[in-house]
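A.B. asks: Sequence unavailable; structure follows:
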Ligand code: PMP
Ligand code: GLN
C-alpha cells in the first residue's frame, strides 16, 4: 500500500460486519437495511434486464431518464433547478461521487475541511486526491442533546490553502441535521473566502426533527456547491450503488472527467429502476421516514434502559451513544467485546476522528433493521445494565 493510503487498511464497516458473521451477533454496526426497497422498483430493474435496457455501456453521464428524474427530484423536494443534460451526473454510489469530486477539484497540497467524526471514505478520498484534511470537530452539546458545529472553529480552520469544505448533513455518525443558521454561516464563509463546497446529502429523506436544507439553496452557493446523494439510503438498495451529483455545469464537467477513469459508467439496468423510484409519490418518502422514526425511538429507549447516554438523532439511521455511564471509556475495546458480552455489534465512533480522544467514549448503533431485531438487540443490551 502506498503512502497516501497506508493508514487506510480495511474499512471499519467490513471489519465489524465480519465480526458479526463470525460471532453470530446482531449486526447494528454497518448501516444497511435488513429489508429491501419497494417491490415495484425491484420489478423495474428486472424488466430493464429482461428488455435489454442498460445491459451494454450506458451513456457516461448516466441514462437520460435517470438524469431527468434526479433533476425533477431536486426541484420537487428542494426547489432547486438543474439541467439534466449538463448539471447532473450519475455515479457508482455516493462513494464514487465523493472520490471523483475530490479527485477533480483538489490540487495536491490543497486543504479540505471536513466535519469530524466523518464517514470513513472522506479521509481516504482526500488522501487519494493528494489533499490535506483539516478536521473541524462537532461537539456534543448537553443543552440540545446533539452534536453541534462550532462556527468559530470552522472559521478558524480556513487558510489561504483551503480549497473546499466537505459537508455532510444529515450527518453520519452523529445524526445531526445542520440548522438554517449553521448552514447560513457555512455559506457565508464559502462566499467570503471563495471556497467550493461538496455536500453529502445521502440521508436527505431520513430526517425526524427539523428539516433538511441543501447547502446549494443558500445565497451564493448554487454555483459553488457539488451536491451528492444516492439511492442506497432513500430506497433501501445499498447494493445497487447508484448515486448522483448535481452542480453547475462546469463543476459537473470536472467531476465527470474523474468519474470517466474510475468506473467510466455506472451499472445500466439499476439506473432505469432508480429513475422510477425517484418518481414515487410523497407517501413513499413519508412512510420511509415514519417507519425509521419508530425504530429510532425503539432502539434509543432500549439503549437508555441499558444505561447508555443517548444522543437522539434528528436524522440518518444511526444513534450515537456515550458509554461512560456504563463505567467504561474506550469505545474500541467496548465494541470488540460487545458480541461476546451481549451478542450485538456496534461501531466505535473513534475511528471517524483524527482527534481520537474526542471520539473515544462514543459508540454508534444502526437502527435500519426490523423492529423484532431491534427489540431483540435492546433486550440483549439491557443485560449490560
Ligand atoms: N456518505 C455517507 C455519509 C454514508 O453514510 C454513506 C454510506 N452508505 C455513503 C456516503 C455511501 O453511499 P453509497 O452507498 O451510495 O456509496
Ligand atoms: N454508510 C454505511 C455506514 O456508515 C456503510 C457503508 C460502507 O460500508 N461503506 O455504516
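C.D. replies: Noted; the coordinates are in hand. Everything numeric here is computed off the predicted structure, so don't read it as measured data. Ligands and ions are numbered 1, 2, ... in the order given.
A.B. asks: Other residues contacting stretch 76-90?
C.D. replies: 61-64, 66-68, 70-71, 74-75, 97, 204-205, 214, 216-217, 222, 227, 242-249, 252-253, 255-256, 259, 266, 271 (C-beta atoms under 8 Å, 6 or more residues apart in numbering). Every residue, glycine included, has its C-beta placed from N, CA and C.
A.B. asks: That stretch spans what distance, first to last residue?
C.D. replies: 19 Å (C-alpha to C-alpha, to the nearest Å).
A.B. asks: from the middle of its chain, how far away would it be?
C.D. replies: Chain-centre distance of stretch 76-90: 20 Å, with C-alpha atoms, centre = their mean, to the nearest Å.
A.B. asks: give me every residue that touches residue 179.
C.D. replies: So residue 179 contacts residue 210 (C-beta under 8 Å, 6+ apart).
A.B. asks: And the residue of the stretch 251-385 of the chain found nearest ligand 1, what's its pLDDT?
C.D. replies: Using C-beta to the nearest ligand atom, the single residue of the stretch 251-385 of the chain nearest to ligand 1 is residue 316, 7.4 Å away. For residue 316, the pLDDT comes out at 98.
A.B. asks: burial count for it?
C.D. replies: Close neighbours of residue 316, defined as other C-beta atoms under 10 Å, add up to 30.
A.B. asks: Tell me the residues of the stretch 1-150 of the chain that contact ligand 2?
C.D. replies: 11, 13, 30-31 (C-beta under 6 Å from any ligand atom).
A.B. asks: again, only this time at 8 Å
C.D. replies: 11, 13-14, 17, 29-32, 95, 119-121 (C-beta under 8 Å from any ligand atom).
A.B. asks: Buried subset of these, written for PyMOL?
C.D. replies: Remark: buried members of those, expressed as a PyMOL selection using 16 or more other C-beta atoms under 10 Å:
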select buried, resi 13+17+29+30+31+32+95+119+120+121
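A.B. asks: Now for the residues of the stretch 1-150 of the chain next to ligand 2: which two are most distant?
C.D. replies: 29 and 95 (17.5 Å; C-beta to C-beta).
A.B. asks: could you pull out the helices for the stretch 201-350 of the chain?
C.D. replies: Remark: helices assigned in the stretch 201-350 of the chain by DSSP state H, counting those that start in this stretch are 231-234, 249-262, 268-278, 282-305, 331-342.
A.B. asks: now the fourth one, how far from the centre of its chain.
C.D. replies: Centre-to-centre, helix 282-305 and its host chain are 18 Å apart (C-alpha atoms, centre = their mean).
A.B. asks: Also the third one?
C.D. replies: Between the mean C-alpha location of helix 268-278 and the chain-wide mean there is a distance of 20 Å, by C-alpha atoms, centre = their mean.
A.B. asks: I would like the residues contacting it, please.
C.D. replies: 37-38, 40-42, 44-45, 47-49, 53-58, 62-63, 65-66, 68-70, 72-73, 90, 231, 234-235, 237, 240-242.
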